[in-house]
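Asker: what follows is a predicted protein model with its sequence.
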Amino acid sequence: MYQNLHFIAIGGSVMHQLAIAMHQQGVAVSGSDDAIFDPARTNLFNEGLLPDEFGWFPNKITAQTDAVILGMHARKDNPELLRAQQLGVPVLPYPEFIYQHTAAKKRVVIAGSHGKTTITAMVMHVLRHCGYAFDYLVGAAVSGFNQSVALTAYAPIIVIEGDEYLASPIHPLPKFLYYKPHIALLSGIAWDHINVFPTFNEYVQQFEQFVATIQPGGSLVYYAGDGLLSQIAATCAGVTLLPYQTPNYEVVNHTWRLRQHNQLYPLQIFGEHNLQNLMGAKLVCNQLGIPDEQFMQAIQLFTGAARRLELLAKSANCSVYKDFAHAPSKALATTRALKQMYPAHKLIACLELHTYSSLSAHFLNQYAHTLNEADEALVFYDPQALAIKKLPPVSKQDIEHSFNHPNLTVFTQPTHLENYLLNQSYNQTNLLLMSSGNFGGINLNKIANFATS
């Protein structure tokens, strides 16, 4: 295997974790980036891997460099990339490197437009609880795990969150097409990443190609409530099909209890979408040799992945949650989950439009009715983000028309949004903050503490 690796765009969320994992395996690691933010900056510094200065330095690539791992943040004309190509140094996207490193392992790949981080975290949690040795790659912090990437020489299994976004600037294939799973899961399909998949059909085709990469004799776990997934599953040959549905459950005193085999299991997670995720994770774990009883004992202790329905603060009258939700299907599921959890409470749902897709005028109609479970809906976007992404302007009226919510307010200034939230009454009222960004830098903890004081 490689003994001298260089990471271009080492500050990426997965890239820096992979660099640390290889460094801890004794591989010589170097890297570059034009900017690195926390937590990557601190994580790299603690391992002695933070670049001495930011920028691109072709002299870091030498004949002794075994391979370059190329992150998506880099450009095709990156000086270090051009130097590697000139010297004939292999240039790999990180998914290809992961596959090469795990070619002899049993590969579990969790994919889908939504829920894949949570399902991956569930499987990791149960495997650890049951004493299994395994490697992993997940897109968020998981309680009990110090890193989000682990690669060893000895673990016979790797659990991978399979992202459908492109692998690198010069490797224009979805990341999940590199992994060649033995056990695959698809949680659902809802159009996203329109900057690279401009039509829904093109987006769906990526998942059709993904199931074709399942290894002969492998398994496909999928949510049968998604008719499109059922159609894709029906095309699979030589693969065991394992569909799952929403299980029976009940909610008592804000605690969700799952019914399995005539028993009720209290959970620390909530929402129908999370219960669907749980059932998918259970089938994956069954395929790895974990019976239902062991799975259910372990999953009762699962508290969720970071930034997925994360509780910021709570009082007798108010709970404030933060969620990574940004795509339409995620916003819908998260808002519905919180309203189901507290049906008697007013719900204020605040969503930031931050991604390329969410800020695209012709995609906005995908958000129709997604916040309807909320009593009051707030949508924030920064017009400057449109300019940075070179997208045409979007008006407040466009957003109001697209969401079609009877009580919706649109904000374009962070201070206006923060002041609004700090002037609400939160008596018997919950607040849900959804974004893959940071709402223009407003102080979410200050708002959460105010709401629950």
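Answerer: Received the coordinates, thanks.

Asker: the closest residue to residue 260 other than its chain neighbours: neighbour count?
Answerer: Leaving out its chain neighbours, the residue that sits closest to residue 260 by Cβ to Cβ, 6 or more residues apart in numbering is residue 296, at 5.8 Å. Yep, even glycine has a C-beta here, placed from its N, CA and C like the rest. One way to gauge burial is a neighbour count; for residue 296, by other Cβ atoms under 10 Å, it gives 18.

Asker: mind giving me the packing neighbours of the helix or strand harbouring residue 296?
Answerer: Taking DSSP states H and E as the criterion, residue 296 maps to helix 292-299. Counting contacts by 3 or more Cβ pairs under 8 Å, 6 or more residues apart in numbering; DSSP states H and E, helix 292-299 is packed against helix 116-129, strand 255-260, strand 263-266, helix 272-287.

Asker: which among those is found nearest to residue 436?
Answerer: helix 116-129 (11.7 Å; Cβ to Cβ).

Asker: give me the contacts around the helix or strand that that closest one is followed by.
Answerer: Downstream of helix 116-129, the first helix or strand assigned by DSSP H and E is strand 135-137. With Cβ atoms under 8 Å, 6 or more residues apart in numbering as the test, strand 135-137 has contacts from 14, 18, 98, 102, 105, 120, 124, 145, 148-152, 155, 157-161.

Asker: coming back round to it: so can I have JSON lines of the helices and strands packed on helix 292-299 showing distance to residue 395 and mean pLDDT?
Answerer: Shown next, in JSON lines, are the helices and strands packed on helix 292-299 (distance: least, Cβ to Cβ, whole Å; pLDDT from 0 to 100):
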{"stretch": "helix 116-129", "distance to residue 395": "33", "mean pLDDT": "96"}
{"stretch": "strand 255-260", "distance to residue 395": "40", "mean pLDDT": "92"}
{"stretch": "strand 263-266", "distance to residue 395": "47", "mean pLDDT": "94"}
{"stretch": "helix 272-287", "distance to residue 395": "31", "mean pLDDT": "96"}
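
Asker: of all the ones you listed, which lies closest to residue 301?
Answerer: helix 116-129 (7.0 Å).

Asker: ok, residues contacting that closest one?
Answerer: Residues from elsewhere that reach helix 116-129 (Cβ under 8 Å, 6+ apart): 108, 110, 112, 134, 136, 138-140, 142-145, 157, 159-163, 185, 187, 274, 277-278, 280-281, 284-285, 288, 290, 294-295, 297-299, 301-302, 304-305, 308, 324.

Asker: now it and helix 292-299, what's the angle there?
Answerer: 110 degrees (axes from the mean of the first three to the mean of the last three Cα atoms, to 10 degrees).

Asker: how about helix 116-129 as PDB, C-alpha atoms only?
Answerer: Taking Å, rounded to 0.1, in the frame of the first residue of the first chain, the C-alpha atoms of helix 116-129 are listed here in PDB:
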ATOM      1  CA  LYS A 116     -27.900   8.100   5.300                       C
ATOM      2  CA  THR A 117     -25.800   9.700   8.000                       C
ATOM      3  CA  THR A 118     -28.300   8.600  10.700                       C
ATOM      4  CA  ILE A 119     -28.500   5.100   9.400                       C
ATOM      5  CA  THR A 120     -24.700   4.800   9.100                       C
ATOM      6  CA  ALA A 121     -24.400   6.100  12.700                       C
ATOM      7  CA  MET A 122     -27.100   3.500  13.900                       C
ATOM      8  CA  VAL A 123     -25.200   0.600  12.300                       C
ATOM      9  CA  MET A 124     -21.900   1.800  13.800                       C
ATOM     10  CA  HIS A 125     -23.500   2.200  17.200                       C
ATOM     11  CA  VAL A 126     -25.000  -1.300  17.200                       C
ATOM     12  CA  LEU A 127     -21.800  -3.000  15.800                       C
ATOM     13  CA  ARG A 128     -19.700  -1.400  18.600                       C
ATOM     14  CA  HIS A 129     -22.300  -2.300  21.300                       C
END
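
Asker: re earlier: out of the contacts of helix 116-129, which end up buried?
Answerer: 108, 110, 112, 134, 136, 138-140, 142, 157, 159-163, 185, 187, 274, 277-278, 280-281, 284-285, 288, 290, 295, 298-299, 302, 304-305, 308, 324 (16 or more other Cβ atoms under 10 Å).

Asker: so which of the contacts of strand 135-137 sit within helices?
Answerer: Among those, DSSP state H puts 14, 18, 98, 120, 124 in helices.

Asker: number of nearby residues for the residue lying closest to the third one once chain neighbours are set aside?
Answerer: Okay, so that is residue 98. Counting by Cβ to Cβ, 6+ apart, residue 98 lies nearest to residue 137, which is 6.3 Å off, once chain neighbours are set aside. By the criterion of other Cβ under 10 Å, residue 137 has 27 neighbours.

Asker: can you put the helices and strands packed on helix 292-299 in a markdown table and add distance to residue 61?
Answerer: Formatted as a markdown table, the helices and strands packed on helix 292-299 follow (distance: least, Cβ to Cβ, whole Å):
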| stretch | distance to residue 61 |
| --- | --- |
| helix 116-129 | 33 |
| strand 255-260 | 52 |
| strand 263-266 | 53 |
| helix 272-287 | 39 |
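
Asker: would you tell me which one of the ones you listed is buried the most?
Answerer: When these are scored by mean count of other Cβ atoms under 10 Å, the highest mean neighbour count falls to helix 116-129 (a mean of 25).

Asker: point out where the chain drops to low pLDDT.
Answerer: Of all residues in the chain, none has pLDDT under 70.

Asker: report the central residue of it.
Answerer: residue 117 (4.6 Å; Cα atoms, centre = their mean).

Asker: and the gap between that residue and residue 188?
Answerer: Look at residue 117 and residue 188: by Cβ to Cβ, to the nearest Å, they are 13 Å apart.

Asker: what are the phi and psi values for the residue lying closest to residue 332 once chain neighbours are set aside?
Answerer: Leaving aside its sequence neighbours, residue 332 sits nearest to residue 370 (Cβ to Cβ, 6+ apart; 4.3 Å). Dihedral pair for residue 370: phi -70, psi -20, per degrees, to the nearest 10.

Asker: list the contacts for residue 370?
Answerer: Contacts of residue 370 (Cβ under 8 Å, 6+ apart): 328, 329, 331, 332, 335, 403.

Asker: quick check: the farthest pair among those?
Answerer: 329 and 403, at 14.4 Å, using Cβ to Cβ across the contacts of residue 370.
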